[in-house]
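Participant: when you get a sec, could you give me coordinates for this:
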Amino acid sequence: MVKLWRDSISGDVLSKQLKWVVVIACVLPIVIGCLTLLGWTFGIAVLKSVIPGMKAMNPAAALCFVLCGISLWLQRTAQPARQYLIISRACGIIIAATGLLIFCNYLWGCPTDIDRLLFHAKLGTNRMSLNSALNFSLLGLSLLLIDVKSQRGFYLTQYLSLSAEVIALLALIGYVYGITPLYHIPKLIAISLNSTLAFIIFSLGILLARPAYGIITVVASDTAGGAMARRLLPAAVIIPILLGWMRLSAEHANLMTNELGTPLLALALIITVTLVILWNAHMLNITDLKKRALESQLQERAEELQQMNQSLLVEIDERKRKEETIRRQTEEIFELSTPVLQVWNGIVMAPLIGTLDSQRTQLFMERLLQTIVDTDSPIALVDITGVPMIDTQTAQHLIDTINAVKLIGARVILTGVRPAIAQALVHIGIDLSEITTRSSMAAGLRYALQQQGLDVLPQPG
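Facilitator: Got it, this is the predicted structure:
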């Protein structure tokens, strides 16, 4: 199942967008942490707390954010290099240890001043908050376990980072609504606004660093469900916070009472959620229409391809029939161009017409030998009067035929040897001394009859 999700996500535009979100989640905490350290170095209040007069980020927290960004940057791919993995885990151990030590100090009074080592003379009462310590503990462990899967198939790192996200979001709501207990636990240190924003961004980066695993796969997938989740989740977070802030602002401005604010808030939520649902349904409807249009086009193309395949099959069958007809006609032409006839008892004649090639020679040889065997003829007349030109290849074919006839106990009388043919045979070096030749078919036939003990007498005039 994981492999299928990985295959569906990798390589598309959505995957690139998610990678950019992770890069931003790595860079922003580093920038926020470095700006805070510069603020402590040069005494610039706006760099330490975003808004002058508000709680400043502790230098140890700033350093932890820098280490968080470095650790996640080195592990932003599923299989980082070994040296990167070592550095990243070292950063995770430092972050988790720092958060756990300060958290234990808050709960059990364990003596530790690790959050006061940097800029000790400038800190005054500034310390890392309990919220920040808890979040750094969760995020440090999350960085260490980013690729670890439990026996039941759960990726613990996502639940740790999601817990840190909820804690930071609760503090952000406190800042937006002006409700101090949400970001400042009574009798303890408040979490700074820039720390809250950095935690929200970084926790989201860890969640999206492995989009092919765990609970984030549905949100990060390129399916209709993933698209719907990506549209609705931001609205589910932003709209209630915004409407709640508007209600509190109206109450503080004496524009409405608490009794009136509650039903108005409910009505606003109903209207807003309905609009979001309608908008999401509209987007899904557009996607579905596009999908149907593509399916229709694919169906049309499939039908066109099927028709083309049928046409091709018909053309192939027609071509096969034509090729078969051509083959039969060629064989018939070869047979007609190489006739072998019995002209007398014991004598067969094979007049050759046209050029001899390998295929025709093979056919001629087979028919000549078969006719000699069938008729039990000791003499075969091969007439080359109709052969226009004798070259080396043609001469070799004749020699092969004559030798084959000798092997079955017959002899060949080569007739139709014209002066031009004789000169060509001599020129190419063909030895015909052991072959009986005659200049014409009549002379060859007379000689064959004489060899059979017969004589040709002139017709009485």
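
Participant: now the element after the helix ranked longest in the chain, going C-ward?
Facilitator: Ordering each helix of the chain by length in residues (DSSP state H) puts helix 258-337 first. Per DSSP states H and E, the first helix or strand lying C-terminal to helix 258-337 is strand 341-344.

Participant: buried residues, the next helix-or-strand element following that next one. List them.
Facilitator: As assigned by DSSP H and E, the chain's next helix or strand after strand 341-344 is strand 347-353. Neighbour-count burial for strand 347-353 flags Ile347, Val348, Met349, Ala350, Pro351, Leu352 (criterion: 16 or more other C-beta atoms under 10 Å). For every residue, glycine as well, the C-beta is placed using N, CA and C.

Participant: ditto for stretch 360-372
Facilitator: So for stretch 360-372, counting by 16+ other C-beta under 10 Å, buried means Arg360, Thr361, Phe364, Met365, Arg367, Leu368, Leu369, Thr371, Ile372.

Participant: also stretch 220-240?
Facilitator: Ala220, Ser221, Gly226, Ala227, Met228, Ala229, Ala235, Ile239, Pro240.

Participant: next up, the contacts around the fourth one.
Facilitator: Listed by C-beta atoms under 8 Å, 6 or more residues apart in numbering, the contact set of Ala227 reads Met283, Leu284, Thr287.

Participant: re the thing from before, farthest pair in the buried residues of stretch 220-240?
Facilitator: Greatest spatial distance in the buried residues of stretch 220-240: Ser221 and Pro240, 25.4 Å, computed using C-beta to C-beta.

Participant: re the thing from before, in helices, which of the buried residues of stretch 360-372 fall?
Facilitator: Those of the buried residues of stretch 360-372 lying in helices (DSSP H): Arg360, Thr361, Phe364, Met365, Arg367, Leu368, Leu369, Thr371, Ile372.

Participant: hey, C-alpha coordinates of stretch 376-392 in PDB?
Facilitator: Coordinates of each C-alpha in stretch 376-392 appear next as PDB, following Å, rounded to 0.1, in the frame of the first residue of the first chain:
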ATOM      1  CA  ASP A 376      13.300 -44.100 -67.100                       C
ATOM      2  CA  SER A 377      15.100 -42.000 -69.800                       C
ATOM      3  CA  PRO A 378      18.800 -42.300 -70.200                       C
ATOM      4  CA  ILE A 379      19.100 -39.200 -72.300                       C
ATOM      5  CA  ALA A 380      18.000 -35.600 -71.500                       C
ATOM      6  CA  LEU A 381      18.200 -32.800 -74.000                       C
ATOM      7  CA  VAL A 382      18.700 -29.400 -72.500                       C
ATOM      8  CA  ASP A 383      18.100 -26.600 -75.000                       C
ATOM      9  CA  ILE A 384      19.500 -23.100 -74.300                       C
ATOM     10  CA  THR A 385      18.400 -21.500 -77.500                       C
ATOM     11  CA  GLY A 386      16.000 -19.200 -75.500                       C
ATOM     12  CA  VAL A 387      18.700 -18.200 -73.000                       C
ATOM     13  CA  PRO A 388      19.700 -14.600 -74.100                       C
ATOM     14  CA  MET A 389      23.000 -14.400 -72.200                       C
ATOM     15  CA  ILE A 390      25.400 -16.800 -70.400                       C
ATOM     16  CA  ASP A 391      27.300 -15.500 -67.400                       C
ATOM     17  CA  THR A 392      29.200 -17.200 -64.700                       C
END
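
Participant: before we move on, the earlier item: got the contacts of Ala227 as CSV, with distance to Ala190 and neighbour count columns?
Facilitator: Below are the contacts of Ala227 laid out as CSV (distance: C-beta to C-beta, whole Å; neighbours: other C-beta atoms under 10 Å):
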residue, distance to Ala190, neighbour count
Met283, 41, 14
Leu284, 43, 14
Thr287, 45, 13
